[in-house]
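Q: Structural data only, the sequence is not supplied:
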């Protein structure tokens, strides 16, 4: 009986300690944060009125900037809450908002005081204080919002935590959207103490390696299988485990994607000297709509354009396509450069009308291509870019003039804007141009110019 009682007492004590450990770990595990409006406690009535009116905008700026600069997902609570309210009041707000953390603040005549509370217990786990600007206007308050966000992001010593366990694997709440890479080694830790905060001492628990990765979650294998990693254990921040959050070092998407759109194309060609044979290569097309379709897989991109034109003498079907593959990329802050070799192909098929005086011959062109692309992410959802391609060697042939010489060359380029409508859907518009000079054996040349305006929808599957 005594032995049984000791066993039961030990099991009960272990269970209580385990529950307490998990409870304190959950207190400091935050990825869904509700941002409240800040209480305005200014004595100056004019400043108080101005800040009260600006408060919703100030709250929105903080919430949006936190999502941009961290892994945190934010929601907004439409009221201010005293930073001195009871813990259970914060728990209620967290439950209503579906959040596991609450960011509240108060503005007085000298400073802005911000507090972070746990959504599970309402306990305070971090505080910050920032001086209030002497001049209160949109510019100074925007800078203040950025300072608050920077201090919150810097204080968080982790980027996510463990949300599930199974044998020697764990699930974490980070993925491609948070710029995590497959194969990354991540350190796992937990805060020490009975009432830990975000600045408490940390104790390393182990290490995990990412084996599967999705948009917002990943599966990692525990490196030392003998070590058990509790739920809500934190993932230490590691710059080597991430790529630039804006993914400015890639042209389009990870995985498979497709595109569909229209391209308004203008074509003009002219010879170095006029003769009957070369005249049959002189294609002129006024601004005409083409159908554009394409697909890609990670670094591979393929695109094709279909269009047609008609004159008093000929009806012409146009097909233009290109394929390329990224071989080099470099990024610095919000700037990225990508180099991609590939192949360009075009086919013009002409059908002469009865009694035509100016027949056009069929023409096929194939050329190697190397593209350089410079892009700048002006916001997390908007990108401007420019590309320039060298076309060489250009090999073109037609039944009348034969094949062009290896001297033939060209170039193409464009300026564009991309807007991400969501994580999977984007719209892109590009103003482009292309120039090719064809050399023939008798040293005559034909120069062909293209101008286009391309608008397309891109979907990441």
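A: Here it is on my side, so go on. Bear in mind the structure is a predicted one, so any value in this text is a computation, not a measurement.

Q: Tell me which stretches of the stretch 351-461 of the chain form strands.
A: Using DSSP state E, counting those that start in this stretch, the strands found in the stretch 351-461 of the chain span residues 363-379, 382-398, 402-403, 409-420, 425-439, 445-460.

Q: same deal with the stretch 101-250 of the chain?
A: Using DSSP E, counting those that start in this stretch, strands in the stretch 101-250 of the chain cover 101-107, 111-118, 124-131, 158-166, 169-172, 185-191, 202-213, 218-222, 234-236.

Q: What strands flank the last one, and is each parallel or antiparallel?
A: Based on DSSP bridges, the pairing partners of strand 234-236 within the sheet are strand 158-166 (antiparallel), strand 185-191 (antiparallel).

Q: I'd like the average pLDDT over stretch 61-74.
A: Stretch 61-74 carries an average pLDDT of 87.

Q: typo on my end, it should be stretch 144-157
A: Mean predicted confidence for stretch 144-157 is 89.

Q: per the record, what domains does the chain have?
A: Taking automatic domain parsing as the domain assignment, the ranges for the chain are 29-155, 158-239, 256-460.

Q: and those domains, which one is worst for confidence?
A: Note on the domains of the chain: domain 158-239 shows the lowest mean pLDDT, a mean of 85.

Q: that older thread, take the domains of the chain and write them to JSON lines, including distance to residue 248 and mean neighbour count.
A: (C-beta placed from N, C-alpha, C; glycine too.) Listed next are the domains of the chain as JSON lines, based on distance: least, C-beta to C-beta, whole Å; neighbours: other C-beta atoms under 10 Å:
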{"stretch": "domain 29-155", "distance to residue 248": "14", "mean neighbour count": "17"}
{"stretch": "domain 158-239", "distance to residue 248": "11", "mean neighbour count": "17"}
{"stretch": "domain 256-460", "distance to residue 248": "4", "mean neighbour count": "16"}
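
Q: can you list those in CSV and add distance to residue 250?
A: Below are the domains of the chain laid out as CSV (distance: least, C-beta to C-beta, whole Å):
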stretch, distance to residue 250
domain 29-155, 19
domain 158-239, 11
domain 256-460, 7
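
Q: The strands of the stretch 351-461 of the chain into JSON lines, with extra columns for distance to residue 182?
A: What follows is the strands of the stretch 351-461 of the chain, written out as JSON lines (distance: least, C-beta to C-beta, whole Å):
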{"stretch": "strand 363-379", "distance to residue 182": "23"}
{"stretch": "strand 382-398", "distance to residue 182": "24"}
{"stretch": "strand 402-403", "distance to residue 182": "47"}
{"stretch": "strand 409-420", "distance to residue 182": "23"}
{"stretch": "strand 425-439", "distance to residue 182": "23"}
{"stretch": "strand 445-460", "distance to residue 182": "17"}
